[in-house]
Structure formats: structure tokens, C-alpha cells
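Trainee: I need the structure of the sequence given here:
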Amino acid sequence: MSSKSSIQNIFKLSIPIFFANLVVPFVAIVDTGLMGNLDNSSYLVATSIAASIFSILFGSFGFLRSGTVGMISQADGSNDYEEIINIFLRNIIFVVIISSFLVIFQAYIYKISLSIFELSEETKIYFKDYFTLRIYSSFGELTIFVITGLFIGLQKTKTSSLVVGFYSVANIIFSLIFVLYYDLNVLGVALGTLVASTLSTIIFLFYTFYALSKITKLEFNTKKIFNFNKVKNIFNINLNIFIRSILLAFSFVYFTYLGNSISEQTVAANTILLNFIMLSAYILDAYAFSTEGIVGYSIGSKNLKLLKDVIKNSFILNTVTGLVICLIVLLSKNYYIMLMTDLSAIREISFSYSYWAIIIPFAASFCFLFDGIFIGASQTRELRNAMIISVAIYIVVSFFLIASFGNTGLWLSLCIFFIARALTLFSYMGRIYQRIS
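Mentor: So this is what the prediction gives:
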């Protein structure tokens, strides 16, 4: 049992997640490259904005993965294999309901999305082409959240990473085919995502039921699946994570908004640095993901020693990796900035504030890991409350710091936000220990 919490095991579980996470950004890179090399800039603008809208929209339902991990890992720890199947089916039902609402109310979502941006008439046409096709990928993309959550919860990170990797690679391949060979431009990119998500969902739903049949008999008892208390519990857990996800998305939009209030060149430079930071986050998130399953298992099996060991060893790995990333960023940040833009003014601003790309990944790494611990424990109310407090602190300090220090104050505000998230979650740690002490 103790070997589950060892540094070697956590690292082993994290490796496939790390590689799968690295594949994800390449989908956006390929889509951007395909549209950016066509003869009309409207293709790129429409695709970039529409893809961002769907990233926020589907990202808001990230609780379908996070909530699944905690409940599955705890059921696994208590050897309740029948409940594992029921949890999976309940979340698939949630996916059906959510994706149906998204499709039914797509016209309203489209109008709201369009009202946020000032687009030319030509760009609006391409935006609509992408939107009206991509919205139908909602069932596939949200189902992938649930499937990956299931296998992370069962500590089968190779399988969860295979799902993400297959979907991402398929997305790239189909987009290339539809754009380059069938000349479908924006429609080709959206269709690539739709086909890839649908194909991935069909393949891995069959595989999931096959894998579940290996650990227990597959029985679909509607009375147990629709148990009111169980459904209510899932709803409460998912609602808290949903609120937390919305606030997290807001924090980055708010950062961009404040940067834009300084100058357009500032927001461009900040975006370059922020993308570098997000790439670091993909690496560090691997530890959070692998920790989720073990934390949930330790709570389900009432093993306090296992819980304490996995938390301690995860923080050791996280700290060491965070420091290594700081060193890598220090050595490569100038080359990265040179690659991202050839505009001298934006380069100069990026160079001036590039030290934040060294500081923030390490400072933020601890709140990422705390997220994994609380998700694994299904302590989502604490996640929600910590995020509310941290965003409130972030908004208040940003007013004073930006007024006094400009863009330096903006970056400092973001750093304080990440630190506040870690400290507020740390203050709630006792509640997790109390559950099995």
C-alpha cells in the first residue's frame, strides 16, 4: 500500500500525463498554422476567437473530469466496484443533458459570443461557420472528460493519457486532411475536431465498458444509477467545481483586460509570456492529476499514512520540478520571445517583464498541486471558497498595484493570486485529514 505514495510511483503515474498534456497545445498550434498560412487573415481571426470561446465554454464543464476522479478513486479505495460503474453512468447522463442544452440554445450562445468581439462582416461569416459545426462536438468532447476522469481515478494514467493523445492526434490529422486536401478552410478545422471527438468517444466508450467488465459484472440498475442522494451529491460536487472553473477563467480574462487598459503592445507582450507560463503549467499539472487518484484511494480505504505520504512526496516532486522549470525558462526565455514576435516594441516589453515567466510557474505550482489533492478528496466546497477568496484578493490588490507600478503591478497581482490560492487551500487541509483520522 505504501508504494502507491512513493516518489517513484507518483513520477511513474505522471509521465504519461505529462506527454499527453504536451500534445494538447499542438492542436491549437496546427490549427493556427493552417489558418495563418491561407490567403485571408479573416480565417485566422475567426478560428482563433471561436476556438477561444469553445475553450472557455467546454473548460467550464471541466468538473466532468475533476468530479469523476474524486468519486471514482474513493469508490476504488473502498472496493465498491458497482458504484464505480454507477458514477461513470451518472456523469455520462450529465454529459447528455449538458450537450443537449448547448445544441438547443446554440443560437443564444452564438449571439452572446459575437457581442463580445468587434468583427468584420467577412470574419463573422467564418466565425459562424466554425461555431455552428463545432457545437456538435460537445457530446464527444465532454464524454472524453468523463472517460479520462474515470481512468485517472483508477490510477490508470497510461489509459487516460492514451485517450487524450488519440483524440489530439486524430484532431490534427483530420484537420490537415480537411483543410489541405479538401480546401474546407475554417470548416475543415471545426470538422476535424468534430470527427476526432466523435471517433475517440465511440472507440473509448467501448473500451471503457470492456475494462469495467474486467473488474466487476456490468449491471445497469436504473434505481441505483438514479439514486436521489447520489445524484444530489454529484450535482453539489460538480456545481462547486463549475463555479471554481468560471472564476479561474475570469482571472485570466481579467488579466488580459487590465493589460489592454495599459496598452495594446503591453497585452501582446503579456500574452507571449503568459503562454510560456501556461506551457509550464501543463507539465506541473501532471503531478496534480496523478495525485488525485491516490488521494481519493487513501480516503476511500481510510489510510491516513498513505494520504500523508502521497501529499509529502508530491510536494517534493513538485518543488524540484518547479525549480528545474525555472532554470529552463531562465535559459530559454529570450529565444522564445525572439521566436514569438519580430516586432521590436513588443520584444522590448517582453524582455523587460520576462523575469515573471521564471517566478510565476514556481509560485503557481503549489496551488496546482493543492487542486489535485482537494479534487481527489472531493472537497469541492473548499476549492470553491478558496477561489472566491483568492479572486477577491486579486481584484483588490490589482487596483492599487497597477496604479502604482503599471504592468509590474499587474504581474505582481497575478503572482499574489496564485499564492493566495495555495494559502487558502492549505488552511483547509485539516478538513481532509479529519475524514480518516
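
Trainee: residue ranges for the helices of the stretch 1-150 of the chain, please.
Mentor: In order along the chain, the stretch 1-150 of the chain carries the following helices (DSSP state H, counting those that start in this stretch): 7-36, 41-59, 63-77, 81-104, 106-116, 121-134, 138-153.

Trainee: the stretch 251-400 of the chain too?
Mentor: With DSSP H, counting those that start in this stretch as the criterion, the stretch 251-400 of the chain has helices spanning 264-300, 304-340, 344-352, 356-376, 380-405.

Trainee: quick check: buried residues in the first one?
Mentor: Read it as helix 264-300. Residues of helix 264-300 classed as buried by neighbour count (16 or more other CB atoms under 10 Å): 266-274, 276-277, 279-300. Bear in mind the C-beta positions are built from the backbone N, C-alpha and C, glycine included.

Trainee: I'd like the average pLDDT over it.
Mentor: Average pLDDT, helix 264-300: 80.

Trainee: need the per-residue pLDDT for the closest residue to Gly140 other than its chain neighbours.
Mentor: Sequence neighbours aside, Ser197 is the residue nearest to Gly140 in space, at 3.1 Å (criterion: CB to CB, 6 or more residues apart in numbering). Model confidence at Ser197, given as pLDDT, is 94.

Trainee: Ala28 now?
Mentor: We have a pLDDT of 65 for Ala28.

Trainee: change the start of the numbering to 48 and stick with it
Mentor: Sounds good: first residue 48 from here, last item Ala75.

Trainee: go ahead and confirm Leu136 touches Lys271.
Mentor: No. With contacts defined as CB atoms under 8 Å, Leu136 does not count as touching Lys271, sitting 9.5 Å away.

Trainee: give me the low-pLDDT residue ranges for the protein?
Mentor: Judged by pLDDT under 70, the chain has its weakly predicted residues at 48-52, 69-73, 75-88, 90-92, 95, 164-165, 311, 387-390, 484.

Trainee: picking up where we left off before, which of the helices of the stretch 298-447 of the chain is buried the deepest?
Mentor: A comparison of the helices of the stretch 298-447 of the chain by mean neighbour count, using mean count of other CB atoms under 10 Å, puts helix 403-423 on top with a mean of 24.

Trainee: how many residues are close by Ser308?
Mentor: Residues lying near Ser308 (other CB atoms under 10 Å) number 11.

Trainee: in JSON lines, list the helices of the stretch 298-447 of the chain along with distance to Gln153.
Mentor: As requested, those are arranged in JSON lines below (distance: least, CB to CB, whole Å):
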{"stretch": "helix 311-347", "distance to Gln153": "28"}
{"stretch": "helix 351-387", "distance to Gln153": "34"}
{"stretch": "helix 391-399", "distance to Gln153": "36"}
{"stretch": "helix 403-423", "distance to Gln153": "30"}
{"stretch": "helix 427-452", "distance to Gln153": "28"}
